[in-house]
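Student: model this:
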Amino acid sequence: KGGTKVLYEKVRLTDDENVYLETYVSPKVGNNIRDALLVIPGGGYGQVCSDREGEPIAEAFLPQGFNCFVLHYTVGRKKPYPAQLIEASLAVKHIKDNAEKYNINPDRVFAVGFSAGGHLTASLGTFWHRKEVYEAIKMPFGYNKPTGVMLIYPVLNDHFGSFQNLLCKDAPTKEEIEIVDIVSNIDENTVPAFIMHTSNDQTVPVHNSIDLANKLA
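Tutor: Numbers count the residues shown, from 1 in each chain. Modelled structure (predicted):
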């Protein structure tokens, strides 16, 4: 893209033209095989903020040895959860299915997410085994499981507007929110996580990340 040698493509993941992956794949050098990084921008499940949490992140990680893939997923209350989890799982499946083309190690596919994208990334790392995913996608059990996740100022259990958009409801019930609450669903299936947050965050409460770190510990 822009005259570089990086392989840039837009790959449709579903029938919805707004659900796709952008690829940022470096040319192969010798026998070097790269790790893969799925980048999931935020936007409160109302939009996808790829201008600051998509392409710039991919371009930052490319020189660090990652081939990167930016996910554009369903937002704006078009479809409720688990559509977004299914789309993230389809993204991991596509990356692994095309490991040779993208010159990546299919056993080292990581994900990084920001804000509400952090929630979707955490969902992928925590809910990868839920039956609704395998009812929607034909693949081996665990094929969509990331090797690890990076959660950057993530929405986890306390950002009502994001959950309204995710569940496509103005007044989701406590039980409905508990289904997508990351912290209360942490168990032995959850993948390793790196968490970054700032104490003065005025949008996503920092205790989201503190609660998660404590639960993971």
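
Student: Mind listing the strands the lengthiest strand in the chain pairs with, and their directions?
Tutor: Secondary structure of the chain per DSSP state E: the longest strand is strand 104-114. Strand pairing for strand 104-114, using DSSP bridges, gives strand 34-40 (parallel), strand 149-152 (parallel).

Student: What residue, apart from its backbone neighbours, is nearest Ser184 spatially?
Tutor: Glu178 (6.2 Å; Cβ to Cβ, 6 or more residues apart in numbering). Heads up, the C-betas are built off the backbone N, CA and C, glycines and all.

Student: right, and Leu38 touches Ala91 too?
Tutor: Yes. Contact criterion Cβ atoms under 8 Å: Leu38 and Ala91 qualify, at 5.6 Å.

Student: so where is this protein shaky, pLDDT-wise?
Tutor: Applying pLDDT under 70 to the chain flags residues 1-4.

Student: could you pull out the helices for it?
Tutor: For the chain, helices defined by DSSP state H occupy the ranges 50-53, 55-61, 83-97, 99-102, 116-127, 131-136, 160-167, 174-180, 207-216.

Student: re the thing from before, between helix 116-127 and the longest strand of the chain, find me the angle.
Tutor: 130 degrees (axes from the mean of the first three to the mean of the last three Cα atoms, to 10 degrees).

Student: returning to that earlier point: mind putting the strands paired with strand 104-114 in JSON lines, mean neighbour count and distance to His72 included?
Tutor: JSON lines is the format used below for these (neighbours: other Cβ atoms under 10 Å; distance: least, Cβ to Cβ, whole Å):
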{"stretch": "strand 34-40", "mean neighbour count": "25", "distance to His72": "9"}
{"stretch": "strand 149-152", "mean neighbour count": "24", "distance to His72": "18"}
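
Student: what about the ones you listed, which gets the closest to Leu212?
Tutor: When the strands paired with strand 104-114 are compared by Cβ to Cβ, strand 149-152 sits nearest Leu212, at 7.4 Å.

Student: CA atoms only for the closest one - export them in CSV, please.
Tutor: Extracted in CSV, the C-alpha atoms of strand 149-152 (Å, rounded to 0.1, in the frame of the first residue of the first chain):
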residue,chain,number,x,y,z
VAL,A,149,-3.9,-11.3,23.8
MET,A,150,-2.9,-7.7,24.5
LEU,A,151,-5.7,-5.7,26.0
ILE,A,152,-5.2,-1.9,25.7
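
Student: Give me the contacts around it.
Tutor: 110-115, 118, 121-122, 124-125, 191-197, 209, 212 (Cβ atoms under 8 Å, 6 or more residues apart in numbering).

Student: so what's Val48 up against?
Tutor: Contacts of Val48 by Cβ under 8 Å, 6+ apart are 41, 54, 72-73, 75, 117.

Student: let's see 7 Å
Tutor: 41, 72-73, 75 (Cβ atoms under 7 Å, 6 or more residues apart in numbering).

Student: repeat for Trp128
Tutor: Taking Cβ under 7 Å, 6+ apart, we find Trp128 in contact with 89, 144-145.

Student: Any quick PyMOL command for the buried ones out of the residues you listed?
Tutor: For the buried members of the contacts of Trp128, the matching PyMOL selection, counting by 16 or more other Cβ atoms under 10 Å, is:
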select buried, resi 89+144
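
Student: so can I have a markdown table of the contacts of Trp128 showing distance to Leu62?
Tutor: Converted to a markdown table, those look like this (distance: Cβ to Cβ, whole Å):
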| residue | distance to Leu62 |
| --- | --- |
| Ser89 | 24 |
| Asn144 | 23 |
| Lys145 | 24 |
